[in-house]
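Trainee: what's the 3D shape of this:
(one chain, ligands or ions: 2)
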Amino acid sequence: MINFLEKNSNIINSVNQKLKLVFPDKAPLVYVETYGCQQNEADSEKLLGMACSVGYTPTDDKQLADLILVNTCAVREHAELKALSNTGQLKHIKEKNPRLLIGVCGCMVQQEHRTGDIKHRYPYVDFVFGTNKIFDFLSILLKALSSDKRLFCVESFEDNPGEFQENVPVVRAHSNKAWVSIMYGCNNFCSYCVVPYVRGRERSRCPNAILSEIRELLNSGYRDITLLGQNVNSYGKDLEPQLSFVELLKMIEEIPVDFVLRFMTSNPKDATHELFDFISQSRKLEHHFHLPLQSGSDRILALMNRKYNREAFFELCDYARRVIPDITFTTDIIVGFPGETEEDFCDTLSALERIRFDSVFSFIYSKRVGTRAAEMDEQIDEETKKDRMGRLLALQQSISASRNSELNGKVFEVMIEGDSKNDPNVWAGRCHDGKLIHFSKANTPKFSPGDVATVRVTDAQAYTIYGEYIKD
Ligand code: SAH
Ligand code: SF4
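Mentor: Ligands and ions are numbered 1, 2, ... in the order given. Take a look at the predicted model:
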């Protein structure tokens, strides 16, 4: 196991000295912009932690920053275009602050054609580094601070599998809930997905490192912990000796502190009855499962290389509902995969009706360079994709509304997450089944994130659930 602080102590000193020379007049400020999934959010927290360990102070205002890191996503084209367009706007900040360094990192730049875009079209970007270089960030930063030359530190995973380091400094975005990565990469090569190419093969962290990170978080007051991996069910297969995901969960369950444990994501092909049995007995795991179906058509699932069929998926959900009656399910669906016929799409709609997910994250298929689906004939036209997306959303809205309406009048213990995103006079708190309930702050104590409140649901809509505070 490589210890970050041991490996980087000289570099930390050198960057620190360099910053004092470049910024004799002020403490330099750092801003990290994050696109994409929770894994990227977790990586950004580490980048911020590393930057702070050498003397930067975080800022929420990128106009004031002396170091801007753009942590990109490559899963869909939309996320790439957004990151590129926002990177374009940084030019104006650089014109005002010549000492500003701009770095672009994450999944998007792990692709050669996107690194090329940045090289040629964004000359004010100072350095670029791929996902397997995240732990080398400080040495890249030192070079960038020491020279005017632009740096492109991108290597394929074949050339550099990206060994990870432990005890990396972290500045977390929240005070009560924390991400804990348990593994990196993916071996599944679903035909539409770029993740295995930009994140490399599965590498599991050793259980002791995970347990000690969780214990440290609990000691600092965190009570809501989410384990992260592209397919958590294959955790530990690469460890020596091997350890299963359920065995890891059992070790975490034994920690003698009350807290909420979540995980994502599970590929249905590897979700087991044993896992659901364990959730049913656990005092910590939330009763919510994110199980991405992607399509309800067996023909499309095979083309996607998902390695399960709709019957197997239904059987899994039925079993889970038998052993955990109050479990909630959410899923991901891709609309308009190459060759998807009207009949295939109707199979997806019928699967949504059959399972009645609590909510669905639906995506229009986006062609990703280098993936097998990008080479498939019969790419679906944009109009058909949009039409299908509209129909799927309408159906799911009615299912979500009906599922949520079952909550009306029921009383829940919720863990406060903080203010509602849309209204500072309203609290948002999460139930044991993962659903967020909003309730007015009038007549409530001044809660902090992590506090528990009793709430009765009064108005459960498709996308938002409202409730009222019940005094103890
Ligand atoms: N490892 C996770 C998924 C990570 S990507 C899993 O297997 O479930 C998150 C979601 O993005 C996927 O579930 C899929 O629905 C969607 N997605 C991935 N690639 C996509 C593409 N090329 N076009 C549209 N959606 C995509
Ligand atoms: Fe992508 Fe499939 Fe791996 Fe998920 S399991 S990251 S969808 S290849």
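Trainee: make it CA atoms for all contacts and neighbour counts henceforth
Mentor: Noted.
Trainee: Using the three-state scheme, assign His438.
Mentor: The three-state label given to His438 by DSSP: H, G, I helix; E, B strand; the rest coil is strand.
Trainee: My guess is it contacts Ala428. True?
Mentor: Yes: look at His438 against Ala428 with C-alpha atoms under 8 Å: they come within range, at 4.6 Å.
Trainee: ok, now which ones touch the nearest residue to Leu301 once chain neighbours are set aside?
Mentor: Nearest residue to Leu301 in three dimensions, chain neighbours excluded: Ser295, at 6.1 Å (C-alpha to C-alpha, 6 or more residues apart in numbering). Applying C-alpha atoms under 8 Å, 6 or more residues apart in numbering to Ser295 gives the contacts Leu301, Ile333, Ile334, Val335, Phe345, Asp347, Thr348.
Trainee: from the residues you listed, which ones fall inside helices?
Mentor: Leu301, Phe345, Asp347, Thr348 (DSSP state H).
Trainee: near ligand 1 too, which of those residues?
Mentor: With C-alpha under 6 Å from any ligand atom as the criterion, those include none near ligand 1.
Trainee: Nearest to ligand 2 among these?
Mentor: Taking C-alpha to the nearest ligand atom as the measure, ligand 2 lies nearest Leu301 of these, at 11.3 Å.
Trainee: Does anything pack onto the lowest-mean-pLDDT helix or strand in the chain? Which helices or strands?
Mentor: Sorting the helices and strands of the chain by mean pLDDT, DSSP states H and E puts strand 2-3 at the bottom, at a mean of 88. Packing partners of strand 2-3 (3 or more C-alpha pairs under 8 Å, 6 or more residues apart in numbering; DSSP states H and E): strand 165-166.
Trainee: State the distance from the closest residue in space to Val171 that isn't next to it in sequence to ligand 2.
Mentor: Among residues not flanking Val171 along the chain, Gly49 sits closest, at 4.6 Å (C-alpha to C-alpha, 6+ apart). From Gly49 across to ligand 2, the span is 26 Å (C-alpha to the nearest ligand atom, to the nearest Å).
Trainee: Let me see the contact set for Gly49.
Mentor: Contacts of Gly49 by C-alpha under 8 Å, 6+ apart are Val168, Pro169, Val170, Val171.
Trainee: ok, of those, which come out buried?
Mentor: Buried residues within those, counting neighbours by 16 or more other C-alpha atoms under 10 Å: Val168, Pro169, Val170, Val171.
Trainee: among the residues you listed, which two are most distant?
Mentor: Val168 and Val171 (10.0 Å; C-alpha to C-alpha).
Trainee: Can you give me the buried ones in stretch 228-248?
Mentor: 228-236, 243, 245-248.
Trainee: That should have said stretch 461-472, apologies.
Mentor: So, applying 16+ other C-alpha under 10 Å, buried residues of stretch 461-472: Gln461, Ala462, Ile465, Tyr466, Gly467, Glu468, Tyr469.
Trainee: for these, which one is nearest ligand 2?
Mentor: Ala462 (26.1 Å).
Trainee: Spell out which residues sit in contact with the closest one, please.
Mentor: Gln397, Ser398, Ile399, Ser400, Ala401, Ser402, Asn404 are the contacts of Ala462 under C-alpha under 8 Å, 6+ apart.
Trainee: quick one: which of those sit in helices?
Mentor: Reading helices off those with DSSP H, I get Gln397, Ser398, Ile399, Ser400, Ala401, Ser402, Asn404.
Trainee: Specify the beta-bridge partners of the residue lying closest to the last one once chain neighbours are set aside.
Mentor: If I follow you right, that is Asn404. Nearest residue to Asn404, sequence neighbours excluded (C-alpha to C-alpha, 6+ apart): Ala460, at 5.4 Å. Taking DSSP bridges as the rule, Ala460 bridges to Ile465.
Trainee: For the stretch 301-450 of the chain, which segments count as strands?
Mentor: In the stretch 301-450 of the chain, the segments counted as strands under DSSP state E, counting those that start in this stretch are 328-335, 359-364, 411-419, 426-430, 436-440.
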